[in-house]
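> Would you be able to build a 3D model of this:
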Amino acid sequence: MGSARRGSALAAAAAVAAVMWAGTAAAAVYEVGDKLGWTIMNNPDYGRWANSKKFSVGNTIVFTYNKQFHNVIAVSKADYKNCDVTKPTATWSTGKDSVVLNTTGHHYFLCGFPGHCAIGQKVDVPVLSSAAPSTAPSMAPTPSAAGGGSAAAAPSPHGNAASTLGCSFALTIAASVLSVAAAGLNLL
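Residues are numbered from 1 along each chain as shown. The predicted structure follows:
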């Protein structure tokens with residue numbers, strides 16, 4: 001009878017760990033432009049890139065580029081259409097910028113270097129649905145001081161930290177529950 005109880009406890013602990021892992025692993029990370037990255041070289045089609053993906057709330061998009069020649073600016077729909085860089089809601093310029101998609105709807109990004117948007121270095125990222133719920137907290141946006149935009153509408157440039165924290169927390173709890181179950185304690 002004790003062996004059956006221990007087996008049941010181990011099975012329950014494994015189920016809890018699987019549920020916790022599924023909640024934290026649901027968010028996807030997308031490299032903008034795939035292998036080309038965020039550039040004007042080789043004429044990337046960012047519209048086609050965005051349309052080939054299914055973005056969900058909680059996903060992260062990563063802009064990889066040479067920071068001497070490019071940056072990333074979040075803008076309104078009107079500013080996106082007109083390639084207007086004068087009213088950004090957020091600006092990134094590290095060369096490896098992660099942006100968490102925190103809301104459904106369209107998220108508009110463009111390069112603020114002169115002429116780059118006009119020749120296609122802009123992307124409309126449509127976020128259509130929510131990902132599985134996560135226990136990780138949402139990170140607050142941090143637009144650059146040069147952007148001068150509103151922080152409320154800006155996506156977070158540091159999304160991976162929350163995702164990693166939630167995953168680490170879930171794995172720690174799961175390992176603890178499995179250890180207790182393996183020790184044969186009757187906590188479940």
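> thought V100 was touching F55?
No - assessed by CB atoms under 8 Å, V100 is found out of contact with F55, at 11.1 Å. In this view, the C-beta of every residue, glycine as well, is placed from N, C-alpha and C.
> So which of these two has more stuff around it?
Per other CB atoms under 10 Å, whichever of V100 and F55 has more neighbours is V100, with 24 against 21.
> Read off the pLDDT value for L128.
Listed pLDDT for L128 reads 89.
> no, scratch that, I was asking about S93
pLDDT, S93: 97.
> For it, give me phi and psi.
Main-chain torsions, S93, degrees, to the nearest 10: phi -150, psi 30.
> For F109, give the beta-bridge partners.
Taking DSSP bridges as the rule, F109 bridges to A74, V123.
> which ones are touching it?
By CB atoms under 8 Å, 6 or more residues apart in numbering, the contact set of F109 is V32, F63, V72, I73, A74, V75, Y80, V99, K122, V123, V125.
> cutoff 10 Å now
Taking CB atoms under 10 Å, 6 or more residues apart in numbering as the criterion, F109 is in contact with 32, 38, 46, 50, 61, 63, 72-75, 80, 88, 90, 92, 97, 99, 117, 121-125, 155.
> Which ones among those map onto strands?
Within the contacts of F109, residues falling in strands by DSSP state E are 61, 63, 72-75, 90, 92, 97, 99, 122-125.
> now, among the residues you listed, which is nearest to G112?
Nearest to G112, judged by CB to CB, of the ones in strands among the contacts of F109 is I73 at 4.5 Å.
> What's the separation between the closest one and V85?
6 Å (CB to CB, to the nearest Å).
> more neighbours, those two?
Legend: neighbour count by other CB under 10 Å for I73 and V85, higher for I73 (28 against 19).
> Fine, thanks again, bye for now.
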